[in-house]
Structures are given as structure tokens and as C-alpha cells.
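**Q** Sequence first, then the predicted structure, then my questions.
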Amino acid sequence: MTASSAPTSGTSPQRDAPSLRKALTTPLLYFFILGDVLGAGVYVLVGQVAAKSGGAVWVPLLLALLLSLLTAASYAELATKYPRAGGASHYATLAYGPFTGFLAGFCMLAAGVVSVAALARGFAGDYLTSFVSLPVVLVAAVFLCALALLNARGISESTRANLAATVIEVSGLLLVAGLGIWLLLRGDGAPGRLVRLGTADTGAAAGVLSGTVLAYYSFVGFETSVNVAEETRDPRRSYPRALFGALVTAGAVYVLVG
């Protein structure tokens, strides 16, 4: 056998690796991304954005949405061209080599560990203690173990649980928006504030810019969705639709809440 005839398959190690089960449909991926983007922090964030930009909170929120859509376009291009698990780590490996890919993956994992630990402690400390007194660290550990077991069951089970949680979360946000609209219709609100830009300390331009920077954090989270591109059915069609649809939905919900 000659050297030129040895690589008969012509496949790379990445192509020879076993692929993951494609269980995510477009609706499941949509709710997966929407659940990543939306968060309870919006209840506090809207007030902080208003303190920076004035009553017209919808202006920095819409600008932040446009910025996030630009970033999402890059992720959509990469995820549809390279629909492999690993996300940014995989892209860094393709562009700069395995060491850079390792660093990107390590940083993503470290950020994820810190984020989920903070959220678990917030759930056990800030939310659950409002109803019952339990050891915060123990409850957070049990909560994390339950999530780990759910994810170990498979992508189908975890995304369906995420679907239920996201529907509950969106319902709560829409309830807040509905109450605000009801108060306006009753005449208890101040509709003139909706077009007021800037505060006594900042002008309109400075207020909108600072509010937009803060509002952008309310759209962070969609970038993790590239990690499940390999588990998505027809990612070249499903991923862009789910990604942009989820971001636009989140932006609409934020504007209504604001």
C-alpha cells in the first residue's frame, strides 16, 4: 500500500467522532434560548436602566436589542457553518489551534460554574427563604444535584423541563406588564414619562448610552445556545430562526415590562 492510498476515507478525527442525538426541534431550541436570555434580574434591571436614561426605558432596551442581534448574527453564522458541540471552544480550536480552544472552553466552563453557583445560592437564599427557613448551602447543593441529574437524563428531558420553566417565567413578566398597562388605563400612571429621556444629572444622550450599556446585559445568555447546535435537527434552518426569534421575543417582553 502506498502512502497516497492510505487515507481512503478522507475523514478528519472530528468527523470520525461519534455524533450526538439530534433531539432539539425549532420550538424547543427557541424556548431554550429564551430561557437563557430572560431572567428574574429584569425586575431590578429595568429600575436601574430608568435611573440612568429616564422614563423612556424602551429606547435603551431597543438599542441593546439591536446590538445583541448583531452579535447573534455572528453566532448564527458560526453555528450553522460548524454545527458541533463545544461552541466558542470549537470555533477557537478551528481558528487558532487546540490550546486556544482549551483556554476558551476553560473560561466558558469557569464562568458557567460561577454563574450557576450564584443562581443556586440566590434561589436558596433570596427566594426560598421567603417561604420556608432551610439551610441555604444545603438547598443550593441539592438544587444543583437535581439539575445535574436532569441534564444527565438527556437533552430531550432537560429542554422540556426548561420549556415549562420558561413559560412560567414569561407568564410572570407578562403579568407585571399587564398590571402596568391596567394602571395606565385607570389613569394612575404618568404616560408622559414614556418619552422622557435623561435625568436631572445626565442629559438625554448620556442617559441613553449608559442605559443601553446596562440594558445589554439583559440579553446576555444566548451565546450558550451554540453548544447544542449539534443536537438540533437541521441546525442551518432551525438555529437562526430560534435565535433571532427568542431575542426579539425577549426584547418585546422587556419593553412591555419597562
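**A** Received, thanks.

**Q** make it CA atoms for all contacts and neighbour counts henceforth
**A** Fine.

**Q** Number of residues surrounding residue 242?
**A** When neighbours are counted by other CA atoms under 10 Å, residue 242 registers 23.

**Q** That one sits in which helix or strand?
**A** Secondary structure from DSSP states H and E places residue 242 in helix 235-257.

**Q** which other helices and strands contact that helix?
**A** Contacts defined by 3 or more CA pairs under 8 Å, 6 or more residues apart in numbering; DSSP states H and E place helix 235-257 against helix 26-37, helix 58-81, helix 155-186.

**Q** tell me the mean pLDDT over the last one?
**A** Averaging pLDDT along helix 155-186 gives 83.

**Q** tell me what it is packed against?
**A** When contacts are defined as 3+ CA pairs under 8 Å, 6+ apart, helix 155-186 packs onto helix 26-37, helix 136-153, helix 235-257.

**Q** Could you export the last one as CSV, CA atoms only?
**A** The C-alpha coordinates for helix 235-257 follow below in CSV (Å, rounded to 0.1, in the frame of the first residue of the first chain):
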residue,chain,number,x,y,z
PRO,A,235,-29.4,23.5,12.5
ARG,A,236,-28.9,25.5,9.4
ARG,A,237,-32.6,26.3,9.3
SER,A,238,-33.7,25.9,13.0
TYR,A,239,-30.8,27.7,14.7
PRO,A,240,-31.2,31.2,13.1
ARG,A,241,-35.0,31.1,13.5
ALA,A,242,-34.9,30.1,17.1
LEU,A,243,-32.0,32.5,18.0
PHE,A,244,-33.4,35.7,16.4
GLY,A,245,-37.0,34.8,17.4
ALA,A,246,-36.0,34.3,21.0
LEU,A,247,-34.1,37.6,21.1
VAL,A,248,-36.9,39.6,19.6
THR,A,249,-39.4,38.0,22.0
ALA,A,250,-37.2,38.8,25.0
GLY,A,251,-36.9,42.4,23.7
ALA,A,252,-40.6,42.7,23.4
VAL,A,253,-41.2,41.4,26.9
TYR,A,254,-38.6,43.7,28.3
VAL,A,255,-40.1,46.8,26.6
LEU,A,256,-43.6,45.8,27.9
VAL,A,257,-42.2,45.4,31.4
